[in-house]
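**Q** need the 3D shape of this:
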Amino acid sequence: MRVLVGFFLFGAAVFSIMAGGIFLSIVLGGACMIGGKEFVDMARRKGIKPSARIVLGMIFAFHAVAAVPALPLARFGINLPPNFSIDHFPLLLTIGIYISFFRLLFRHESPPATIADIASTILGFIYVGWLPAHLVLLRNLSPAGLAPIENPLQQPGLAYVWAALFVIWSTDVFAYYAGKKFGKHLLYPLISPKKTVEGAIGGLVSAVFWATVVVYLADNVLFTCHPFNHNMWQAPLLGAVVSVAAQLGDLCESLLKRDAGLKDSSDYIPGHGGFLDRGDSLIMGGAISYYWVWLVVLGNI
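**A** Next up, the predicted model:
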């Protein structure tokens, strides 16, 4: 069952990434909605009562706004700027914070809300909504001045997402095997008693290697638009930065589970735990990937 479920999830992920557009928003947004429920359940185990409606509603809102540029609005005479989604994320974040305070202020309980209730509500939609939605933004990224490309398999955003995912996945896989074979020094035993320094280094080295491979193939073999503009020097840095973010994301989710007294965030995925367990590295790694590509690769510094 574990293998079968793993293949199904992998297939759904690959299809949505390759198709891009609204498909990625739906698949990723759906996974994040379930992850949001896992987060709320973990908080409630601690006696904290975040607003599930606000957490889930804001997760939906972030992914909906991220998906807007992929909609065929031009057919109706609506032309949006390329940065529409990221430009509106601060506004959406501000609205979410206001709603969190006002809704919990007037909650029909005694007391209406605590600092922990409000803070966990805001953390919930930032952690499981705002951060992972950057993967959709990354898929929609394109160099300035590049004409729109209809073929989803040739869109530069696909190259950026694959680079990020190869870095994150290789970090997870090689950190596990390097730690199992060579691990002697614990990385952070108070949070994750099995992770080792040797494993973390192994994941980092593999990430640098795979980032270089993916960037080279994207610019020279797979994409005619040369999404990384042949700047190979950026590839190892991309691998290192995203790998560190992914490993920190893993530790952050371990911190949440340990505080809640849980081994897994849920049992929604048979044999794999919860959606937060499967996506912990993506949450942090995906957001960092977006800003690295936007700032460094596309030169928006």
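
**Q** please make it C-alpha for all contacts and neighbour counts, starting now.
**A** Fine.

**Q** please identify the helix or strand for the nearest residue to residue 156 once chain neighbours are set aside.
**A** Nearest non-adjacent residue to residue 156, counting by Cα to Cα, 6 or more residues apart in numbering: residue 227, 5.1 Å away. Of the helices and strands defined by DSSP states H and E, none includes residue 227.

**Q** do the one 5 residues further on as well
**A** Using DSSP H and E, residue 232 falls within no helix or strand.

**Q** how about the residue nearest to residue 156, phi and psi?
**A** Main-chain torsions, residue 227, degrees, to the nearest 10: phi -60, psi -30.

**Q** hmm, residue 161 and it touching each other?
**A** No: if you go by Cα atoms under 8 Å, residue 227 and residue 161 don't touch, sitting 11.3 Å apart.

**Q** could you dump the longest strand along the chain to PDB, C-alpha only?
**A** For the chain, the strand that runs over the most residues, judged by DSSP state E, is strand 192-196. C-alpha atoms of strand 192-196 as PDB (Å, rounded to 0.1, in the frame of the first residue of the first chain):
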ATOM      1  CA  SER A 192      15.100  15.300  15.600                       C
ATOM      2  CA  PRO A 193      17.100  12.500  17.300                       C
ATOM      3  CA  LYS A 194      18.000  10.600  14.100                       C
ATOM      4  CA  LYS A 195      19.300  13.400  11.800                       C
ATOM      5  CA  THR A 196      23.100  13.700  11.700                       C
END
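
**Q** name the residues of the helix-or-strand element of the chain with minimal mean pLDDT that are buried.
**A** Here the helix or strand of the chain ranked lowest by mean pLDDT, DSSP states H and E is helix 2-19, holding a mean of 79. Buried residues in helix 2-19, defined by neighbour count with 16 or more other Cα atoms under 10 Å: 13, 16-19.

**Q** would you map the strands across this protein?
**A** For the chain, strands defined by DSSP E occupy the ranges 186-188, 192-196.

**Q** can you name every helix or strand that the longest strand of the chain contacts?
**A** Judged by 3 or more Cα pairs under 8 Å, 6 or more residues apart in numbering; DSSP states H and E, strand 192-196 is in contact with helix 156-182, strand 186-188, helix 234-260.

**Q** out of those, which is closest to residue 212?
**A** Within the helices and strands packed on strand 192-196, the stretch nearest residue 212 is helix 234-260; the backing value is 4.9 Å (Cα to Cα).

**Q** who's in contact with the closest residue to residue 161 other than its chain neighbours?
**A** Nearest residue to residue 161, sequence neighbours excluded (Cα to Cα, 6+ apart): residue 139, at 5.9 Å. Residue 139 makes contact with 17, 20-21, 156-158, 160-161 under the criterion Cα atoms under 8 Å, 6 or more residues apart in numbering.

**Q** for residue 139, give its distance to residue 173.
**A** 23 Å (Cα to Cα, to the nearest Å).

**Q** still on that earlier bit, now render the strands of the chain as JSON lines, adding distance to residue 87, mean pLDDT and mean neighbour count.
**A** JSON lines is the format used below for these (distance: least, Cα to Cα, whole Å; pLDDT from 0 to 100; neighbours: other Cα atoms under 10 Å):
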{"stretch": "strand 186-188", "distance to residue 87": "37", "mean pLDDT": "87", "mean neighbour count": "16"}
{"stretch": "strand 192-196", "distance to residue 87": "37", "mean pLDDT": "87", "mean neighbour count": "17"}
